[in-house]
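1. heads up, no residue letters with this:
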Ligand SMILES: Cc1cc2nc3c(=O)[nH]c(=O)nc-3n(C[C@H](O)[C@H](O)[C@H](O)COP(=O)(O)O)c2cc1C
């Protein structure tokens, strides 16, 4: 299986005029909410940010109200089952009909979707190899590994306390922390067994990944990743509907010097030359064991009272 969303016939892979007014946020739309009158819900309502960093202006103005006349999208019933699944996937192909349905679920978004599966073994192997190398680089680069260490929550107490970041709850890692054999404040050495294990574990998962999924946009102004995020939410719900799971893998998509090679290989592989195109999402796709939901910090922690 190798599928890509077709060209629109305007010489571009994207609809000529993407009509922002047709969109309400992905999840809100599937849930039966109406946004307030057109023009009042806007991304970057007080103007675009500078390319490299944002400032104190709002990212978006959104007001949602319940409207019983808005029919719930069929994807809504999968919201509570959707997970980022980091487990080992079954070696079983994703049927074409599932990808076509996912494609249809994001048809109004200015995005090119693609998917490769087991009937393209060479291509699949290339996806696995780039992902493995990008992960290895992430694991052996002091800056990135220390960034991950700072976000680690290990064991039930830390997970319950922080409820975000990178959550680890396997008995071995808890034992290593408890016995002082794993010190998160120090850069691991080149022969660190924990790092070697993480590289090896992910290699096994990649070798058993039956499909990869991607989403590409033309351009990458501030609104584009937001639309890509909405589209990804819908695509992942569609995958959930078809009983499959996804895990985004972002290492090769980072614009940092260490990842320059996997970055360029990914863009070449997906026929998305930078800077014209941006790979917004690259994910493992397959059938996975059932897992529980990620912990959430809760709405109250995200609300700033004016
Ligand atoms: C843009 C983007 C990039 C992500 N990159 C990764 C990644 O590289 N590895 C990973 O395991 N999860 C990745 N995720 C998944 C998030 O970590 C995940 O959504 C979060 O842990 C919440 O879990 P949930 O999706 O199960 O609710 C990414 C998600 C997004 C939206």
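-> Sure thing, it's come through. Everything quoted here is computed from the prediction, not taken from an experiment.

2. Can you tell me the centre-most residue of the chain?
-> Centroid-nearest residue in the chain: residue 248, 3.9 Å away (criterion: Cα atoms, centre = their mean).

3. Not counting residues beside it along the chain, what's closest to that residue?
-> residue 283 (4.7 Å; Cβ to Cβ, 6 or more residues apart in numbering). Bear in mind the C-beta positions are built from the backbone N, C-alpha and C, glycine included.

4. Contacts for the strand or helix carrying the one you found, please.
-> Assessed by DSSP states H and E, residue 283 sits inside strand 277-286. For strand 277-286, the surrounding residues in contact (Cβ atoms under 8 Å, 6 or more residues apart in numbering) are 89-90, 92, 94, 111, 115, 131, 205-206, 208-220, 224-225, 228, 232, 239, 244-250, 252-253, 266-267, 270, 272.

5. any idea of the mean pLDDT in that strand?
-> Mean pLDDT, computed over strand 277-286, is 98.

6. Any idea how far it is from the middle of the chain?
-> 7 Å (Cα atoms, centre = their mean, to the nearest Å).

7. Please point out which parts of whichever helix or strand residue 234 is part of sit buried.
-> Residue 234 is located in helix 223-241, with elements delineated by DSSP H and E. Going by neighbour count (16 or more other Cβ atoms under 10 Å), the buried part of helix 223-241 is 223-228, 230-241.

8. What of stretch 253-271?
-> 253, 254, 258, 259, 262, 263, 265, 266, 267, 269, 270.

9. gap between the last one and the ligand?
-> Okay, so that is residue 270. 16 Å (Cβ to the nearest ligand atom, to the nearest Å).

10. start the count at 249, not 1, going forward
-> With 249 as the first residue, the last one maps to residue 518.

11. List the residues that contact that residue.
-> Neighbours of residue 518 in contact, by Cβ under 8 Å, 6+ apart: 362, 462, 464, 527, 530.

12. repeat for the third one
-> If a contact means Cβ under 8 Å, 6+ apart, then residue 506 has 385, 389, 391, 392 as its contacts.

13. Now that we're looking at it, what pLDDT does it have?
-> Confidence score, pLDDT, at residue 506: 96.

14. what does the stretch 249-398 of the chain put close to the ligand?
-> 331, 332, 334 (Cβ under 6 Å from any ligand atom).

15. and the last one, which of the three is it?
-> Which is residue 334. Secondary structure state of residue 334, per DSSP: H, G, I helix; E, B strand; the rest coil, is coil.

16. What separation is there between it and residue 300?
-> Residue 334 sits at a distance of 31 Å from residue 300 (criterion: Cβ to Cβ, to the nearest Å).

17. try the second one
-> Spatial separation of residue 332 from residue 300 under the definition Cβ to Cβ is 28 Å.

18. Between those two, point out the one with more neighbours.
-> Ranked by neighbour count (other Cβ atoms under 10 Å), residue 332 and residue 300 place residue 332 first, with 14 against 5.

19. returning to what we had before: for the residue nearest to the centre of the chain, grab phi and psi.
-> Dihedral angles of residue 496 (phi, psi; degrees, to the nearest 10) stand at phi -60, psi 140.

20. Strands along the stretch 299-448 of the chain, start to end?
-> 308-309, 312-314, 360-364, 400-402, 414-416 (DSSP state E, counting those that start in this stretch).

21. From the contact counts, what lies against the first one?
-> On a contact count with 3 or more Cβ pairs under 8 Å, 6 or more residues apart in numbering; DSSP states H and E, strand 308-309 meets strand 290-291.

22. Repeat that for the last one.
-> Packing contacts for strand 414-416, counted by 3+ Cβ pairs under 8 Å, 6+ apart, involve strand 400-402.

23. contacts for the strand it packs on?
-> Where contact means Cβ under 8 Å, 6+ apart, the residues beyond strand 400-402 that reach it are 406-407, 409-417, 421-422, 425, 432.

24. List only buried entries from the residues you listed.
-> Buried among the contacts of strand 400-402 by 16+ other Cβ under 10 Å: 406, 407, 415, 416, 421, 422, 425.

25. hmm, back to that, looking at the residues of the stretch 249-398 of the chain next to the ligand, which is nearest residue 540?
-> Relative to residue 540, the closest of these is residue 331; by Cβ to Cβ it sits at 7.9 Å.

26. All set, thanks.
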